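Peer 1: Let me see the structure of the following:
(2 chains, ligands or ions: 1)
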Amino acid sequence: MTLLEFARGPAIHWALIILVAGTIWRLLGVLVLTRGGDLSRPRDAFGNYKGYRTVFSRAWPSSEFNVATRYQTIVAYLFHFATLIVVVGITAHIEFIQSLTGASWPALPNAAGVAIGIVALVSLLALILRRLTNPSIYCSNLGDYITWILVAAPLITGLMAFAHLGPRYETMLAIHILTVALMFIWFPFSKLMHSIWFVFSRAQSGLTYAHKGVQI
Amino acid sequence: MTRQSTLGALLRSQGVSRRAFLKFCTTTASVMALPAALIPVMADALEQAQRQSVIWLSFQECTGCTEALTRSHAPTLEGLIFDFISLDYHHTLQAASGRAAEAAREEAMREHAGKYLLLVDGSIPTVKAYSTIAGISNLDMLRNSAVNAAALIAVGTCAAYGGLPMAAPNPTSAVPVSDLITDKPIINVPGCPPLPLAITGVIAHYLTLGTLPALDALGRPLAFFGENIHDRCYRRPFYDRGLFAETFDDVGARKGWCLYKLGCKGPVAYNACAHVKWNQGVSFPIQSGHGCIGCSEPGFWDSAGIYESIADGQFGTGPKLASAAVVGAVAGAGAALLARGKKEKKAAAHAANE
Ligand code: SF4
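Peer 2: Predicted coordinates for the structure are as follows:
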């Protein structure tokens, strides 16, 4: 079995199995738990609605923090959107998704893919630099660094494979798929779960604040 | 087979001009990445070359490799060089048959001990009874013929890497030459079939310099297998611009766009098809509208479907992922219900205590 056969076959397969099982496990493990019903009445008439609105309103810092968090906000936005675009916009990724689900859509030209991939990588570097230089703000733990490495690795290897840099293409492609497999396995058990949790956690905070009459 | 004793004499008798011959030497030398200074040396050496004894063994094969070589538009210089070698045994091409044929092989092995080239096409079944020639199993014939060979050339993917006969479920327990012969230099010239120039190029290199060419990690001559098809493909600009044929008869296919989505294996295939091309430089598969199937790569038949793109996952999908989802759901819900039960019990105990 060549490295590429291993990567495209059992490696990514098991990673997907762990990703699916793990994510659903984590989700239901919290959601089925449920909290006791809050018997208080929301402090204003649109309280419940306001709670759900938080899911969106928290996508931007409160105006008081605009300046203080500007670097973080802009760079994080760049990173998240660029990453999302390369994940769903590159021909090879669409082919993979299509082989799994049957769904497909038009892809970006390669040059655009490379450019956006570089934006994602540079912004990710900018984020880790800030994290490293401001330890008191982030209180990082080991898991944060592992997560950063496992997100950066597919970006770096993907760009190299895409641009035909480094080892031969089939080797680079295999390494890229293997790094993605590692990231998938790590996903459910790390802060990467925020990509799903953010909806629930924001909504929950919003609801709680609305009931308590906190200005949001 | 010819009676002329040197290649020069043979070529002249066939009406090949010195100019055409030098052109062939230049092409071969440049394809094989030999320095330009070697071209006259090569020409002289080839001109003077004595007939090289070659024994060609055909095992589990389809004769396509021989066909590619002998039927490439005649008369090519490649073909003539092939005519020139003393092909002492080749059971498709030789006139003799039966006992006489085997006797010719044995005689060549005796007479040219340590000097003959052993060309093999086809894979070798390790279960002896599955393929025999004149009552001799392929396995025994290969081992026996290799003992006194100067070097082996595995012609075609079957001999080089097992090819189709070795594809799952490998009913004959076939193996490539390199699994059986480990004490002789082996050059793999894979392809289904290989480019004729790659076969004769290796022979010409040997006739000229008396050495074997530089090989890659898979035992292939770098001169012919050092380049990636995708890197040399004339459809690459369409790949880069994201323009793909989606089916074999859509607008993209008619406009000659990239065949990646139709399963082209160019990005993971190493061969000279895209620049040397076939039938005297007329075309190659991608140019005729079909993706590369990566036939010069080990395990090409099993590694992915011909029409599946390289990026596709190679595993059965649905059921296992669905069961993973169910397992996750059960584990998650179970853990949560357990925790909830504990919480309620604690609350009840707490209430009872008060
Ligand atoms: S047709 Fe194949 S080899 Fe040519 S550019 Fe497209 S993917 Fe690459």
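
Peer 1: max-length helix in the chain?
Peer 2: Went with chain A since none was named. Secondary structure of chain A per DSSP state H: the longest helix is helix A:110-133.

Peer 1: I was thinking of chain B, sorry if that wasn't clear
Peer 2: Using DSSP H, we find that the single longest helix of chain B is helix B:318-353.

Peer 1: Give the buried residues for that helix.
Peer 2: Buried residues in helix B:318-353, defined by neighbour count with 16 or more other CB atoms under 10 Å in any protein chain shown: B:321, B:324-325, B:327-329, B:331-333, B:335-336. Glycine gets a C-beta too; all of them are placed from N, C-alpha and C.

Peer 1: Just want the phi and psi numbers for B:Pro185.
Peer 2: Backbone torsions of B:Pro185, given as degrees, to the nearest 10, read phi -60, psi 130.

Peer 1: OK, contacts around the closest residue to it other than its chain neighbours?
Peer 2: Of all residues not flanking B:Pro185 in the chain, B:Ala151 sits nearest, at 4.4 Å (CB to CB, 6 or more residues apart in numbering or on different chains). Contact partners of B:Ala151, counting by CB atoms under 8 Å, 6 or more residues apart in numbering or on different chains, are B:117-118, B:184-187, B:206, B:212.

Peer 1: on that earlier part again, output the contacting helices and strands for the longest helix of chain B.
Peer 2: helix A:12-31 (3 or more CB pairs under 8 Å, 6 or more residues apart in numbering or on different chains; DSSP states H and E).

Peer 1: distance between the helix it packs on and the chain's centre?
Peer 2: 15 Å (CA atoms, centre = their mean, to the nearest Å).

Peer 1: Contacts for whatever helix or strand comes next after it next, please.
Peer 2: Using DSSP states H and E, the helix or strand that follows helix A:12-31 in sequence is helix A:47-57. Contacts of helix A:47-57 with the rest of the structure, by CB under 8 Å, 6+ apart, involve A:41-42, A:44, A:198-199, A:202-211, A:216.

Peer 1: and which of those is nearest B:Leu11?
Peer 2: For the contacts of helix A:47-57, the residue nearest B:Leu11 by CB to CB is A:Phe198; the value is 76.5 Å.

Peer 1: Show me how far stretch B:14-27 is from its chain's centre.
Peer 2: Worked out by CA atoms, centre = their mean, stretch B:14-27 lies 28 Å from the chain centre.

Peer 1: ah, wrong one, I meant stretch B:265-274
Peer 2: Distance, centroid of stretch B:265-274 to centroid of chain: 11 Å (CA atoms, centre = their mean).

Peer 1: residues near the residue of chain B found nearest the ligand, how many?
Peer 2: Nearest residue of chain B to the ligand, counting by CB to the nearest ligand atom: B:Gly266, 2.2 Å away. B:Gly266 has 29 neighbours, counted by other CB atoms under 10 Å in any protein chain shown.

Peer 1: Next to chain A in this structure, residues from chain B, please.
Peer 2: Residues of chain B lying close to chain A (CB under 8 Å from any CB of the partner chain) are B:228, B:230-231, B:239-242, B:244, B:260-261, B:267-268, B:298-299, B:303-304, B:308-315, B:317, B:320-321, B:324-325, B:327-329, B:331-333, B:335-337, B:339-340.

Peer 1: can the buried residues of helix B:318-353 go into a markdown table with extra columns for pLDDT?
Peer 2: Formatted as a markdown table, the buried residues of helix B:318-353 follow (pLDDT from 0 to 100):
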| residue | pLDDT |
| --- | --- |
| B:Leu321 | 78 |
| B:Ala324 | 82 |
| B:Ala325 | 83 |
| B:Val327 | 86 |
| B:Gly328 | 86 |
| B:Ala329 | 86 |
| B:Ala331 | 88 |
| B:Gly332 | 87 |
| B:Ala333 | 87 |
| B:Ala335 | 87 |
| B:Ala336 | 86 |
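
Peer 1: Check the secondary structure at B:Cys62 for me.
Peer 2: coil (DSSP: H, G, I helix; E, B strand; the rest coil).

Peer 1: Lowest mean pLDDT among the helices and strands, pick that one out for chain A.
Peer 2: helix A:47-57 (a mean of 79; mean pLDDT, DSSP states H and E).

Peer 1: hey, C-alpha coordinates of that helix in CSV?
Peer 2: What follows is helix A:47-57, C-alpha atoms only, in CSV (Å, rounded to 0.1, in the frame of the first residue of the first chain):
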residue,chain,number,x,y,z
GLY,A,47,-36.3,38.6,25.9
ASN,A,48,-36.3,35.2,24.2
TYR,A,49,-35.9,36.7,20.8
LYS,A,50,-33.1,38.8,22.1
GLY,A,51,-31.4,35.7,23.3
TYR,A,52,-31.3,34.2,19.9
ARG,A,53,-30.3,37.4,18.4
THR,A,54,-27.1,37.2,20.4
VAL,A,55,-25.9,34.4,18.1
PHE,A,56,-25.4,37.1,15.5
SER,A,57,-24.8,40.2,17.6
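
Peer 1: so how far is the following helix or strand past that helix from its chain's centroid?
Peer 2: Using DSSP H and E, the helix or strand that follows helix A:47-57 in sequence is helix A:70-89. Offset of helix A:70-89 from its chain centre (CA atoms, centre = their mean): 10 Å.

Peer 1: helices or strands up against the longest helix of chain A?
Peer 2: Looks like helix A:110-133 contacts helix A:70-89, helix A:142-162, helix B:236-241 (3+ CB pairs under 8 Å, 6+ apart).

Peer 1: Could you say which of those is packed most deeply?
Peer 2: Of all the helices and strands packed on helix A:110-133, helix A:142-162 has the most neighbours on average by mean count of other CB atoms under 10 Å in any protein chain shown, namely a mean of 18.

Peer 1: Contacts for the very next helix or strand once past it next, please.
Peer 2: Where DSSP H and E defines the elements, the next helix or strand beyond helix A:142-162 is helix A:169-186. Under the criterion CB under 8 Å, 6+ apart, residues A:2-4, A:6-8, A:11-12, A:14-16, A:18-19, A:22, A:146-147, A:150-151, A:153-154, A:157-158, A:160-161, A:164-167, A:192, B:228, B:230, B:267-268, B:310 lie in contact with helix A:169-186.

Peer 1: So B:Asp88, which state does it fall into?
Peer 2: strand.

Peer 1: Could you measure from the residue nearest to B:Pro185 over to chain A?
Peer 2: 26 Å (CB to the nearest CB, to the nearest Å).

Peer 1: What's opposite that residue in the beta bridge?
Peer 2: With DSSP bridges as the criterion, the beta-bridge partners of B:Ala151 are B:Leu117.

Peer 1: tell me, what residue is most central in the chain?
Peer 2: Assuming you mean chain A. Chain A has A:Ser195 as the residue nearest its centroid, 4.8 Å off, counting by CA atoms, centre = their mean.

Peer 1: where's it, which helix or strand?
Peer 2: Assessed by DSSP H and E, A:Ser195 sits inside helix A:194-212.

Peer 1: which helices and strands sit right next to that helix?
Peer 2: Packing partners of helix A:194-212 (3+ CB pairs under 8 Å, 6+ apart): helix A:12-31, helix A:47-57.

Peer 1: The ones you listed into a markdown table, with extra columns for mean neighbour count?
Peer 2: Listed next are the helices and strands packed on helix A:194-212 as a markdown table, based on neighbours: other CB atoms under 10 Å in any protein chain shown:
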| stretch | mean neighbour count |
| --- | --- |
| helix A:12-31 | 20 |
| helix A:47-57 | 16 |
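
Peer 1: one step back: which of the contacts of helix A:47-57 lies closest to chain B?
Peer 2: Nearest to chain B, judged by CB to the nearest CB, of the contacts of helix A:47-57 is A:Gln204 at 15.7 Å.

Peer 1: OK, contacts around the closest one?
Peer 2: A:Gly51.

Peer 1: Now do it against A:Thr34, distance only.
Peer 2: Note on A:Gln204: its distance to A:Thr34, by CB to CB, to the nearest Å, is 11 Å.

Peer 1: now B:Val147
Peer 2: On the measure of CB to CB, B:Val147 and A:Thr34 end up 78 Å apart.

Peer 1: same question, B:Ser303
Peer 2: Counting by CB to CB, the separation of B:Ser303 from A:Thr34 is 48 Å.
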